[in-house]
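> below: sequence and its predicted model.
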Amino acid sequence: MSAPNAARVSVGDVLPPLTVAVTRGQLVRYAGASLDFNPIHWNQRIAHSVGLPDVIAHGMLTMALAARIVTSWTGDPTSILEYGVRFTRPVVVPDDDAGATLEVSAVVGEVDAEAGTARVDITAMFGGQTVLGKARAVVRLP
Amino acid sequence: MAMDAGFIGRSFPHADPYVVGAAKIREFAESIGELDPRYLDPAVARDAGHVDVVAPPTFAILVIARAQEAVMFLPELRLDFSRVVHGDQRFVHHRPIVAGDALTSVVHIDNIRAAAGNDILSLRVEVTDPAGAPVCTAYSTLVSRAA
């Protein structure tokens, strides 16, 4: 698929979907990269002690993974002008090799041809439920 | 005890600029599976018109983290940090963050309110470069859950 541009993008366009496996190893790696060492993201004992079913992914990791559907679509890492999400449910990550499966889909919600931008509405699902609310990115189109 | 609403409208400049490193951008990008060479290879980034490698869209959380935490941990604010969850997050990028940037954060307390027994703190962090030009505005909502 060629890169989207303002003339060709329409409201309702569906972006190529993205499936990401989130493993315990990735949580540890993201903790180190982001310097977010909250133990609920790597320690089952602590997660249980605060009432969680298991270790959960960092909300900011889920947000970052969901953004990949947009950067993959535009093909430009700097195309995201605005990006916001609400953290509505945790992504629970089991201690196995498969991890948790995050399914990301997205649709063009608005096009501003004059500004050369589009709003992309993103849905991130885990275990059949959405984990992000009002996940929206405004992107610059070439 | 509820948070002190008298803090609404106050702002807190953070003394230390965050200096963006190429190695940190690489670690961050690889940890989230963003593998575009413009995050990883300075030569490719320069060919694309950037002064150095660019940061992924949510890298800004690292830039603002210390400034934001300095405000959240102010004892006078009375935020019960042990009960805090991240409610929402939004970034408005005025220009891409690139390696070598020295970025200053000013944290603004936009709102403090109570809802269903939770304390809700709305922060806005204005990130600027050494010339004072805007780089990113980050909006964070932190929820201290009812005890």
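Cool, the structure landed. Numbering: from 1, shown residues only, chains lettered A, B, ... in the order given.

> all helices of chain B, in order?
For chain B, helices defined by DSSP state H occupy the ranges B:22-31, B:37-40, B:42-47, B:60-72.

> just send these back as a markdown table, with distance to chain A and mean neighbour count too.
C-beta: built from backbone N, CA, C; applies to glycine. Shown next, in a markdown table, are the helices of chain B (distance: least, C-beta to the nearest C-beta, whole Å; neighbours: other C-beta atoms under 10 Å in any protein chain shown):
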| stretch | distance to chain A | mean neighbour count |
| --- | --- | --- |
| helix B:22-31 | 4 | 18 |
| helix B:37-40 | 5 | 20 |
| helix B:42-47 | 9 | 15 |
| helix B:60-72 | 5 | 20 |
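
> and the helix or strand hosting A:Gly84, does that touch chain B?
Per DSSP states H and E: A:Gly84 is located in strand A:80-87. Yes: using C-beta under 8 Å from any C-beta of the partner chain, strand A:80-87 reaches chain B at A:80-87.

> quick check: A:Phe126 touching A:Val104?
No: the criterion here is C-beta atoms under 8 Å, and A:Phe126 misses it with A:Val104 at 10.0 Å.

> what count of nearby residues applies to the single nearest residue of chain B relative to chain A?
Closest to chain A within chain B is B:Arg90: 2.9 Å, counting by C-beta to the nearest C-beta. The tally of other residues near B:Arg90 (other C-beta atoms under 10 Å in any protein chain shown) stands at 18.

> so what's it bridging to?
A:Gly84, B:Tyr139 (DSSP bridges).

> what residues are up against it?
The contact partners of B:Arg90, by C-beta atoms under 8 Å, 6 or more residues apart in numbering or on different chains, come to A:82-85, B:138-139.

> make it 10 Å
B:Arg90 is in contact with A:63, A:82-86, A:134, A:136, B:124, B:137-141, counting by C-beta atoms under 10 Å, 6 or more residues apart in numbering or on different chains.

> kind regards, and thank you for your time.
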